[in-house]
Structure formats: structure tokens, C-alpha cells
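Undergrad: task: produce atomic coordinates for the following.
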Amino acid sequence: MSKKRLAVGLMSGTSADGVTAALVEISPDRVRVRRFETYPYSARLKNLVLEAPSLRAPEISLLNFALGEAFAFAALQISRGARPLVIGSHGQTVWHGPNAVPPNTLQLAEPAVIAERTGLTTVADFRPRDMAAGGQGAPLTPAFDLFLYGRGPLRAVVNIGGIANVSLVGHGRLWSAFDTGPGNGLMDEAVRRVTKNRSEMDRGGKLAARGKPDEKLLKRLLHHPYFRTSPPKSLDRATFGAALLDRYFPRLTRARLPGALATLAELTARSLRLSVLENAPDAPLAEVVVSGGGALNAHLMRRLRVLFAPVPVTTTAAHGLPVMAKEAACFAWLAARVLDGKPNHAPAATGARGVRILGKIVLA
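TA: I've put the predicted structure just below:
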């Protein structure tokens with residue numbers, strides 16, 4: 001990249017809330033988010049996304065094109081008055097099976113629809129190439145984390161969406177990166193169950209702050225086999241999803257919800273801390289930098305600050321990157337790398353056999 005360029009990044013995570021779009025200015029040594037917005041899914045579209053693993057082929061095909069329209073709308077809205085060079089779309093993950101035989105993954109939101117509606121070259125479907133090269137297909141943000149923070153001291157760069165992931169980066173290299181376990185997903189599902197979908201989340205962690213974690217249950221949850229698996233590793237929403245709530249929280253009620261949320265928030269916080277401690281290099285950790293919806297959960301952030309003390313826990317906003325825009329900005333950057341013919345993933349994170357250029361290109 002020899003000069004500043006504009007790109008659009010599109011992302012929808014495991015929570016399936018909608019499409020986050022970011023208009024990003026990319027230069028050789030930095031990125032700047034000019035603006036970003038999340039465009040919520042309709043209730044019908046969200047339900048289809050959450051039900052996707054059980055849908056039939058005709059319904060999956062319809063969902064792919066419907067999501068393409070939703071992603072295209074988001075791209076058009078966020079790029080009004082600007083002339084971006086490219087769109088990078090992660091799509092909507094509806095299945096991720098890195099340990100299946102053969103490994104496989106599926107992200108929907110038809111890029112041909114995005115390119116046709118916007119008139120912009122669109123790069124999408126990043127995960128399969130990494131998986132074809134022997135990798136997990138995820139996480140894909142560590143290459144971006146290395147670009148942003150690699151020249152500084154050792155940091156744990158954390159994103160807490162439906163699931164949580166960490167990149168241990170600094171001193172010129174990426175040391176390790178992987179999905180750590182549940183993020184907001186279990187907490188959101190618990191709220192939806194108790195409120196019969198009238199509420200989507202525990203805003204600010206206010207309910208969790210009123211509850212008390214169940215230490216015996218936490219001990220059992222922290223013995224989940226995923227936490228004993230060594231990196232590289234990645235998660236699908238189902239691993240820490242509805243079935244886990246059914247097993248460990250079978251009688252959720254309004255009265256029990258604060259305690260359940262306190263326990264689930266503690267699970268996210270403690271599993272993150274354990275992941276960092278067990279995989280960090282033998283060097284002082286300078287900072288934990290958090291992005292994603294979890295950064296807006298005041299209770300969860302308080303718990304992370306207690307658990308990581310005296311290491312400071314901040315957010316990407318302190319580094320000039322809005323917490324809800326980071327992943328979308330990442331896919332804008334990944335797409336720009338594709339146009340430059342440059343590798344855009346981190347094999348050290350995914351386990352791929354070597355560096356590759358990820359993504360399928362639909363020309364304008």
C-alpha cells in the first residue's frame with residue numbers, strides 16, 4: 001500500500017445482531033475508521049440465521065441471498081459520499097467445523113449480490129482457503145492485530161463478541177492467537193430465554209452485577225474439554241451455546257437470572273485470564289486491550305480488571321479504534337491486502353501450513 005485508500009468492511013458475528021459496516025482509511029502504517037454503524041437484522045432474518053444449522057438446502061440458498069442483500073445495504077449506507085476501492089465481507093458464519101473430517105466452514109451473504117448492488121469489487125469467504133491449507137480457518141483478526149500492535153510491547157488483544165478470542169502480540173511478532181471460549185453468547189442466550197426474546201442482552205452487565213457467581217458450577221464449567229485443548233483452536237457458536245445452558249442452567253427464571261449471568265460473566269473473564277497466562281511468552285504483559293460488545297459490559301470489564309491486576313485493561317478506543325468497529329475494520333484491511341497480492345492471515349494463529357492470500361474476489 002503506497003498511499004491512503006478507502007475500503008469498506010462488513011462483519012456479523014456469532015450473536016447475529018446485524019451487519020456492522022465500517023468505512024476505513026488504510027495507509028501503509030495505520031488504519032482510521034471514518035465512520036461505522038450496525039444495521040440490525042429483521043426479526044425474521046435473525047431467526048433464520050440462528051436456525052441455519054437445521055435448515056434445508058433451499059432455505060440455506062435463500063438465506064445466502066437475503067444476507068447478501070442485507071450486507072449490500074449496509075455497504076451502501078456506510079459509503080455514502082465516499083468512493084471506496086473495495087469491500088471486505090466476512091459474511092455470517094452459520095457453521096464452523098475445523099475438527100470435522102474433512103474440516104469445513106460456511107459463511108453466508110452472497111458476495112455477487114454485494115458487488116452487483118454496490119458496483120464495488122468485493123472480497124469475501126476468507127476462512128476456506130486457510131482451512132484448505134490445514135488451518136482452523138479462524139481466528140482471522142490476529143494478522144490485523146499484528147499490524148496494529150506488533151511494534152509495541154507485549155499486549156493481549158482481546159475481542160469479546162459471541163465468543164472471545166485473544167492475540168498475544170508485541171516485540172515484533174505474534175506469539176499466539178486463538179478463540180478462548182465463550183464471550184457474550186451464553187449471557188445473551190440466557191437473557192433471551194428468560195425474557196422470551198423481549199430483551200437481547202444484559203446491557204452494561206447490570207443484572208450480572210446484582211448476582212453472585214456459583215463457584216461450584218464455575219469449577220465444572222472451567223473443566224470443559226475446550227479449555228484443555230492447546231492452540232491452534234477455534235470455536236463455533238454451538239460449542240458454548242444452547243445445549244450448555246440446557247445442561248447447566250435447566251431452570252432459568254427471572255429470580256435466578258442475575259446469579260446465572262454473574263456465573264457466565266465470570267466464566268468468560270476467568271477463561272480469558274487462564275488462556276493468556278497459559279500461552280503468554282516469558283515477557284512482561286504491558287496491557288490487555290478489549291474490543292467487541294464485551295467492552296461495553298461494565299461488569300465484565302470490572303472483573304477483567306480485577307483478574308488481570310496490576311496489568312491495565314483498556315479498550316481499543318484508547319488506541320483510536322472504536323470497540324464495535326474493530327472486526328469490520330479488520331475485513332476492510334484484509335480485502336485491501338488481497339488487492340495488493342499480499343498475505344492476509346497469521347498461520348501461527350490458525351495452524352495453516354504457510355502464508356496464503358485468503359478470500360474470493362467478485363469484480364465490480
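
Undergrad: got the buried residues for the lowest-mean-pLDDT helix or strand in the chain?
TA: The helix or strand of the chain with the poorest confidence is helix 43-51; it has a mean of 94 (mean pLDDT, DSSP states H and E). Along helix 43-51, these residues count as buried under the neighbour rule (16 or more other C-beta atoms under 10 Å): 45, 46, 48, 49, 50. C-beta coordinates here come from the backbone N, C-alpha and C atoms, glycine included.

Undergrad: next SSE after it?
TA: Counting by DSSP states H and E, the element after helix 43-51 in chain order, helix or strand, is helix 57-78.

Undergrad: what helices or strands is that following helix leaning on?
TA: Using 3 or more C-beta pairs under 8 Å, 6 or more residues apart in numbering; DSSP states H and E as the contact definition, the elements that helix 57-78 packs against are strand 5-12, strand 18-27, strand 30-40, helix 43-51, strand 86-97, strand 104-108, helix 111-118.

Undergrad: average pLDDT across it?
TA: Mean pLDDT, computed over helix 57-78, is 98.

Undergrad: list the contacts of that helix.
TA: Where contact means C-beta atoms under 8 Å, 6 or more residues apart in numbering, the residues beyond helix 57-78 that reach it are 8, 10, 12, 18-23, 35-37, 39, 41, 45, 48-49, 52, 55, 87, 89, 91-92, 94, 108-114, 116-118, 120.

Undergrad: of all the helices and strands packed on helix 57-78, which one is nearest residue 178?
TA: Each of those was scored for nearness to residue 178 using C-beta to C-beta, and the closest is strand 86-97 (13.5 Å).

Undergrad: give the burial count for the nearest residue to residue 141 once chain neighbours are set aside, as a bare number.
TA: Using C-beta to C-beta, 6 or more residues apart in numbering and skipping the chain neighbours, the partner closest in space to residue 141 is residue 330 (5.0 Å). Under the neighbour criterion other C-beta atoms under 10 Å, residue 330 is assigned a count of 30.

Undergrad: next one: the host helix or strand of residue 330 to chain centre, how far?
TA: In this structure, residue 330 sits in helix 326-339 according to DSSP H and E. Its chain's C-alpha centre and that of helix 326-339 lie 14 Å apart, by C-alpha atoms, centre = their mean, to the nearest Å.

Undergrad: what average pLDDT does it get?
TA: 98.

Undergrad: that helix: what's the following helix or strand?
TA: Helices and strands here follow DSSP H and E; after helix 326-339, the next one along the chain is helix 347-350.

Undergrad: distance from the chain centre to that following helix, please.
TA: On the basis of C-alpha atoms, centre = their mean, helix 347-350 is displaced by 16 Å from the centre of the chain it belongs to.

Undergrad: report the buried residues of that helix.
TA: Going by 16+ other C-beta under 10 Å, helix 347-350 has these buried residues: 347, 348, 349, 350.

Undergrad: ok, the first one to residue 363 distance?
TA: Residue 347 sits 28 Å away from residue 363 when distances are taken as C-beta to C-beta, to the nearest Å.

Undergrad: circling back to that earlier point, distance of the residue nearest to residue 141 from residue 9?
TA: Residue 330 sits 7 Å away from residue 9, taking C-beta to C-beta as the criterion.

Undergrad: next: residue 208.
TA: Between residue 208 and residue 9 the distance, using C-beta to C-beta, works out to 30 Å.

Undergrad: neighbour-wise, which of the two wins?
TA: In terms of neighbours (other C-beta under 10 Å), residue 9 is the more surrounded of residue 208 and residue 9; the figures are 33 against 28.

Undergrad: contacting residues for that one?
TA: With contacts taken as C-beta under 8 Å, 6+ apart, residue 9 has the following neighbours: 21-22, 24, 87-89, 327-333, 335.
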